[in-house]
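1. Return a 3D structure for these sequence lines:
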Amino acid sequence: MQPNMAVNGRDRVDTPKANGQVVADSDDPLAPGVPRNPEARDGPSAPLHAHEALSVVLQIRDGELCVLLWRRALPPCEGQWSLPGGRLTHNESLGDSIRRQLAQKVDVRDLSHLEQLETRSDPDRDPQRRTLATAYLGLVPADIDPVVPSDTGWHPAADLPPMAFDHACIVRSGRRRLRAKLGYTNVGFALAPPEFTVSELSGYYRAALGHDVAATNLRRVLLRRGQIEETGRSVRSGRSGGRPAALFRFRAHELEVTDEFAVLRPPERN
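-> Numbering: from 1, shown residues only. This is a model prediction of the structure:
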């Protein structure tokens, strides 16, 4: 190695250190070999940022869109309800973190769909320290009843209890995302059981969208888009009699965009 080398037009002198390593003395912060000093770059009061993963887990329960929440036992926001989740460990991704925490903390493993929702970075969202939060939207089919701990429960997404931090805003973001995707994707597969009648499916859509959905119109739209198909089976009619109701299923159980610009709007009022 030459004793003097030019780095970005400046002279660099390689100075041997006591441990035998060579470190460049240079005023160029990007020069190879220059030790990175976070305090020198960001200042001695640079904050340490925590990062947490949160989940908006939604399910249709008894005809209502519900969200899974757990009650905080410790401050801050002691006694208030919050979204399941927690801090990332140093060796896991965001997706792995939220799946681990849902399984460990609230025993939810039956997600039919999981996608990243948003990241929140308001410096004051956590009163104890600067904490970034990446939220995920998770959906559980209506035919599954996960076993959850005593401090965890399902709450109507449209009528939330007192919520910790900014978690109520995150729930509303999850609802908006679900409503939008019901219009242009096949995400309804993640809300419905494996087989259903059109009347049952319209009930799931009604609960998620927050407005009436005509079963005949929904059937026509989803068949035209290739989202659902008949199974060839039917269920017996109720006490009122009538023809047996045909059973349907979603053709795919992975997210697909089926009508890029479609929106499921409320019916017009006369």
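2. Give me the longest strand you can find in the chain.
-> Among the segments of the chain that qualify as a strand by DSSP state E, the longest is strand 50-61.
3. From the contact counts, what lies against it?
-> strand 64-71, strand 85-87, helix 94-105, strand 131-139, helix 167-184, helix 198-209 (3 or more CB pairs under 8 Å, 6 or more residues apart in numbering; DSSP states H and E). For every residue, glycine as well, the C-beta is placed using N, CA and C.
4. Relative to that strand, what are the paired strands and their orientations?
-> In the sheet, strand 50-61 lines up against strand 64-71 (antiparallel), strand 85-87 (antiparallel), strand 131-139 (parallel) (DSSP bridges).
5. could the ones you listed be laid out in CSV, adding mean pLDDT?
-> Converted to CSV, the strands paired with strand 50-61 look like this (pLDDT from 0 to 100):
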stretch, mean pLDDT
strand 64-71, 96
strand 85-87, 89
strand 131-139, 94
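6. Between those, which one is closest to G79.
-> Ranking the strands paired with strand 50-61 by proximity to G79 (CB to CB) places strand 64-71 first, at 6.6 Å.
7. The closest one to helix 167-184, inter-axis angle?
-> 150 degrees (axes from the mean of the first three to the mean of the last three CA atoms, to 10 degrees).
8. The residue nearest the centre of the chain and E200, how far apart?
-> Taking CA atoms, centre = their mean, the centroid of the chain lies closest to Y136, which sits 1.3 Å from it. The gap separating Y136 from E200 is 27 Å, by CB to CB, to the nearest Å.
9. same thing with D107?
-> Following CB to CB, the distance that separates D107 from E200 is 27 Å.
10. what does A192 give?
-> 8 Å.
11. Those two - which one has more neighbours?
-> In this view A192 and E200 are compared by other CB atoms under 10 Å, and A192 has more residues nearby, 22 against 18.
12. Which residues are in contact with that one?
-> Applying CB atoms under 8 Å, 6 or more residues apart in numbering to A192 gives the contacts P141, A142, E200, L201, Y204, F250.
13. now with 10 Å?
-> Shown in contact with A192 (CB atoms under 10 Å, 6 or more residues apart in numbering): 60, 112, 141-143, 200-201, 203-205, 228, 248-250.
14. Which among these count as buried?
-> Buried members of these, scored by 16 or more other CB atoms under 10 Å, are 60, 112, 141-142, 200-201, 203-205, 228, 248-250.
15. can you count the residues close to the closest residue to L69 other than its chain neighbours?
-> Nearest residue to L69 in three dimensions, chain neighbours excluded: W81, at 4.2 Å (CB to CB, 6 or more residues apart in numbering). Neighbour count of W81, defined by other CB under 10 Å: 22.
16. just checking, W81 touches W154?
-> No - taking contacts as CB atoms under 10 Å, W81 lies outside contact range of W154: 11.2 Å.
17. Between those two, which contacts overlap?
-> Common neighbours of W81 and W154 (CB under 10 Å, 6+ apart) are V67, L69.
18. hang on, the earlier thing: which neighbours do A192 and E200 have in common?
-> Shared contacts of A192 and E200, counting by CB under 10 Å, 6+ apart, come down to I60, A142, F248.
19. Let's have those in JSON lines, adding distance to V257.
-> Shown next, in JSON lines, are the shared contacts of A192 and E200 (distance: CB to CB, whole Å):
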{"residue": "I60", "distance to V257": "22"}
{"residue": "A142", "distance to V257": "23"}
{"residue": "F248", "distance to V257": "20"}
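20. if we can go back for a sec, format the strands paired with strand 50-61 as TSV; extra columns: distance to R224.
-> Shown next, in TSV, are the strands paired with strand 50-61 (distance: least, CB to CB, whole Å):
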stretch	distance to R224
strand 64-71	25
strand 85-87	39
strand 131-139	24
